[in-house]
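[1] Attaching a predicted model along with its sequence, questions to come.
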Amino acid sequence: MQSTINHIKDLCKTNLKKINLIKDEVEIETDKANLISLLTFLKDDQSCLFEQLTDLTAIDYPNYGFRFLIVYQLLSVTNNQRIRVLCPLMEGETIQSVSNLYQSSIWAEREMWDMFGIFVEGHPDLRRLLTDYGFQGHPLRKDFPLTGHVEVGYDVDRKMVTYNEVELVQDYRDFDFSSPWGATNKNITDEENK
């Protein structure tokens, strides 16, 4: 692994912020200007050959100097190695699509747009993936309300799907915490004691 780190430091022509070895996996941090050239190097270099993008996601840090951290998980089947590439991103900034390098990123980039609101430049089909087209907001942002804005229901009389404002009723409830199996457990215990 250390030889991979040294090789990347020596031959990679991009600006790397950090490169570390964490639990036998190399982790590289770069900025968005150097991201595409770094991923191209990692995929095409004969000593690296990270030809497979296994995962792409984002992490929301609303109280950090940057808002999002984009995480690319790469696999080299040839060398049996994994590498993680991190790219910090400010709120409102866009990230370049890596779909020309890794076809598997198309779905993950759409999910990142839908869940976090991170716009991906150059994506061939950037639209909502997991939420409805009329959905407002991005659910995986930490500032998104826990209950959402609207709830979906089916109106039997009108025979159509309806969108209603979320209403949270917090009436007093009297809960019965006794177990319905209490008598059964007591009988088994009594028989074991005989």
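    Received the coordinates, thanks.
[2] tally of neighbours for the closest residue to Gln136 other than its chain neighbours?
    Closest residue to Gln136 apart from its sequence neighbours, by Cβ to Cβ, 6 or more residues apart in numbering: His149 at 5.3 Å. For the C-beta atoms, the positions are set from N, CA and C on the backbone; glycine is no exception. His149 has 12 neighbours, counted by other Cβ atoms under 10 Å.
[3] pretty sure Ile8 is in a helix, no?
    Yes. Counting by DSSP: H, G, I helix; E, B strand; the rest coil, Ile8 is part of a helix.
[4] Which helix or which strand is home to the nearest residue to it once chain neighbours are set aside?
    Excluding the flanking residues, the one nearest Ile8 by Cβ to Cβ, 6+ apart is Ile19, at 6.5 Å. Per DSSP states H and E: Ile19 is located in strand 16-22.
[5] low-scoring pLDDT stretches of this structure, where are they?
    1, 148, 168-177, 179-194 (pLDDT under 70).
[6] which ones are touching the nearest residue to Asp45 once chain neighbours are set aside?
    Nearest non-adjacent residue to Asp45, counting by Cβ to Cβ, 6+ apart: Leu11, 6.7 Å away. Counting by Cβ atoms under 8 Å, 6 or more residues apart in numbering, Leu11 touches 41, 45, 47.
[7] if we can go back for a sec, list the buried residues in the helix or strand just after the strand holding Ile19.
    Sequence order places strand 25-30 as the next helix or strand after strand 16-22, per DSSP H and E. For strand 25-30, a neighbour-count test (16 or more other Cβ atoms under 10 Å) marks 26-28, 30 as buried.
[8] With stretch 72-85 instead?
    Buried-residue list, stretch 72-85, by 16+ other Cβ under 10 Å: 72-76, 81-85.
[9] which one of those residues is nearest Gly122?
    Tyr72 (15.7 Å; Cβ to Cβ).
[10] and the closest one, bridged to which residues?
    Tyr72 has these beta-bridge partners by DSSP bridges: Leu56, Val85.
[11] Surely it and Gln96 touch.
    No. Using Cβ atoms under 8 Å, Tyr72 is not in contact with Gln96; the gap is 12.0 Å.
[12] in this structure, which spans are strands?
    16-22, 25-30, 52-60, 68-76, 81-89, 95-96, 120-121, 150-155, 160-165 (DSSP state E).
[13] Include distance to Ser37 when you put those into CSV, please.
    Shown next, in CSV, are the strands of the chain (distance: least, Cβ to Cβ, whole Å):
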stretch, distance to Ser37
strand 16-22, 11
strand 25-30, 9
strand 52-60, 16
strand 68-76, 13
strand 81-89, 12
strand 95-96, 10
strand 120-121, 15
strand 150-155, 43
strand 160-165, 44
